[in-house]
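Participant: this one's structure only:
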Ligand SMILES: [Cu+2]
């Protein structure tokens, strides 16, 4: 289903010619070189576009600089990229406050070392971790009444198709689920309300897009008809996969409506090509909508199959099976070309698809999508209320809650601020509607973008963070690997004002920014958080059951409850450590030399490790997390008898 106004070199309209030029220029560009092939994106066919470099407006007084002791006013949750973690930043300072390990081991907290973290991460039958790499891209948080409720955040692992949940009370990962029959799990978004029961006004599902189409079930074959992608729904509480939808094309980013009824994913490969030139051969692709209530009704009615060894119900969301609007589970809306981000406007009315290889943004009106599913709108593509030109390489869009959108232009190395209502008016024929409000140069090649509270009903239009993929000359050179540049922009005024550059380790991709009042993290663990907790130092000791030995120990600065403990060579040792300190910030570490053991226990936290005592000798177990004037003296001895 390709469009009827495909731009070609022979298209004589300015619009068609420019679009062809833009897409061709973009396709041929090498990464890292700023787009200069077509810098007229601010020119004749885009109304009222200021010159490329935005004049710096009068400063609004906002500053990224905080005096010592001053607290940030926003939390930023940043995906950690290859490090497989979620990072917590304070904003506007950009200070990194914490890294929460999820998919890959982390030496600070002993993630992947402790039994508790290994159970969450998943192990092979031999007890070793199944995976030690991750590739996180997108993080989003749970909602209540259209705003963040501070319960959970979720983050994806593209490599191994896993979704992790972060508890936002303790700021720890507590569950990881692998999506069956999915490769390249990319976009992720929680729902914001139940589609059927409006009394359920909070997140109960998380939607996950499968980017790579694979043979279903997976087997070596060149039969392209067998390659398809799945869109998955994960239960927010149990973290089990509720259902999947088999689709044509692929899933990239994901968005959800505020009423809970719709989710959507942009599709850059409706061609279902295997090579890049195939994937960009068509001039239009799609934004694929899912009717959540109908999908769940179909699952309930048993209208599903299963794939391979997975028991997850899979419904049919392909084009051929969903032509009748009044029974369709899915709707494929035609948008140009290899679209990337899809974002929900905080006025709850629109999803906006960024064109990537087309210099346009497409605005889809959600009430019209519901009308189509109800049979009240004849053509699904009539849900598009505007398709307007923004500049080269539009990727992602954020919002200020005042009717303006902010879209990254990867090739122009800019952020463009534009007014949604005026863009719709312009598209409807009012050529005096100057929808482009401002442009600002960023440094360089921006990908993700987000504004404070952007995709909530409480979008407050104060700060905009821009994830620049290249930093080039912005920081001291440190060899061939450059930091990436997260730039902070003040959007409280008419003009955008660049406030700060923040270097970050590659490569964060996406992030969300929310008011600090929406989170109330705990400072001390509940002792019962871990059922293995040793509540009294007197319970400490070495307990033998054949070759299995349990060592129970507590910490209380500056001592461990066992000054030494003896095990025998070949024993399987499980060491349980509870930190009985109750004081905020009094964390201890526990390391065993030559045994690959190092982890921490926060106040009132319990953690355990299991290992084979395969090396005889004396091993000084020591506290690795500074805790006390006698921190260096805080030790125990493990004596492994031959
Ligand atoms: Cu200590």
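Facilitator: In hand now; what should we look at? Just so it is clear, the model here is predicted, and its values are computed rather than measured. Numbers count the residues shown, from 1 in each chain.
Participant: what about the residue nearest to residue 81 when sequence neighbours are not counted, neighbour count?
Facilitator: Distances taken as Cβ to Cβ, 6 or more residues apart in numbering put residue 507 closest to residue 81, at 3.9 Å, once the chain neighbours are dropped. Where you see a C-beta, it was placed from the backbone N, CA and C, and this is true even at glycine. By other Cβ atoms under 10 Å, 18 other residues sit near residue 507.
Participant: just the helices in this structure please.
Facilitator: Secondary structure of the chain (DSSP state H): helices at 14-28, 115-121, 276-279, 292-300, 366-373, 420-427.
Participant: mind listing what residue 308 touches?
Facilitator: 180, 181, 216, 217, 218 (Cβ atoms under 8 Å, 6 or more residues apart in numbering).
Participant: quick check, nearest of the residues you listed to the ion?
Facilitator: Set against the ion, the nearest of the contacts of residue 308 by Cβ to the ion is residue 180 (42.9 Å).
Participant: that closest one and residue 208: what is the separation?
Facilitator: Look at residue 180 and residue 208: by Cβ to Cβ, to the nearest Å, they are 11 Å apart.
Participant: settle it for me: which of those two has more neighbours?
Facilitator: Legend: neighbour count by other Cβ under 10 Å for residue 180 and residue 208, higher for residue 208 (28 against 19).
Participant: nearest spatial neighbour of that one, skipping sequence neighbours?
Facilitator: Counting by Cβ to Cβ, 6+ apart, the residue nearest residue 208 is residue 232, at 4.4 Å.
Participant: do the same with residue 162
Facilitator: Distances taken as Cβ to Cβ, 6+ apart place residue 178 nearest to residue 162, at 4.9 Å, with adjacent residues excluded.
Participant: settle this for me: residue 118 is touching residue 130, isn't it.
Facilitator: No: at 9.6 Å, residue 118 does not count as touching residue 130 under the criterion of Cβ atoms under 8 Å.
Participant: so which of the two has more stuff around it?
Facilitator: Neighbour count, other Cβ under 10 Å: between residue 118 and residue 130, residue 118 has more, with 21 against 13.
Participant: can you pull the contacts of the more buried one?
Facilitator: Residues in contact with residue 118 (Cβ under 8 Å, 6+ apart) are 112, 127, 129.
Participant: from the residues you listed, which single one is nearest the ion?
Facilitator: residue 112 (21.6 Å).
Participant: near the ion, which residues of this structure?
Facilitator: Listed as neighbours of the ion in the chain under the rule Cβ under 5 Å from the ion: 588, 623, 627, 634.
Participant: so which of the residues you listed are in strands?
Facilitator: residue 588 (DSSP state E).
Participant: who touches stretch 586-593?
Facilitator: 555, 557, 560, 575, 577, 579, 581, 597-603, 611, 619-625, 627, 634, 638.
Participant: just the buried residues of these.
Facilitator: 555, 557, 560, 575, 577, 579, 581, 597-603, 611, 619, 621-625, 627, 634, 638 (16 or more other Cβ atoms under 10 Å).
Participant: strands - which of those land there?
Facilitator: Per DSSP E, the buried ones among the contacts of stretch 586-593 map to strands at 555, 560, 575, 577, 579, 597-601, 611, 619, 621-622, 638.
Participant: any chance you could map the strands in the stretch 51-200 of the chain?
Facilitator: 74-79, 85-91, 95-101, 139-144, 147-157, 162-167, 172-178, 183-190 (DSSP state E, counting those that start in this stretch).
Participant: in its sheet, what does the fifth one sit against?
Facilitator: Under the criterion DSSP bridges, strand 147-157 sits next to strand 139-144 (antiparallel), strand 162-167 (antiparallel) in its sheet.
Participant: out of these, flag the one nearest residue 567.
Facilitator: Minimum separation from residue 567 across these (Cβ to Cβ) falls at strand 162-167, 33.9 Å.
Participant: contacts for that closest one, please.
Facilitator: Contact with strand 162-167 is made by 77, 86, 100, 102-103, 131, 134, 151-157, 172-179, 185, 188, 206, 208, 234, 236, 239, as judged by Cβ under 8 Å, 6+ apart.
Participant: tell me the mean pLDDT over that strand?
Facilitator: Strand 162-167 carries an average pLDDT of 98.
Participant: excluding its backbone neighbours, what's nearest the residue nearest the centre of the chain?
Facilitator: Taking Cα atoms, centre = their mean, the centroid of the chain lies closest to residue 138, which sits 1.2 Å from it. Spatial nearest neighbour of residue 138, chain neighbours left out: residue 510 (4.3 Å); criterion: Cβ to Cβ, 6+ apart.
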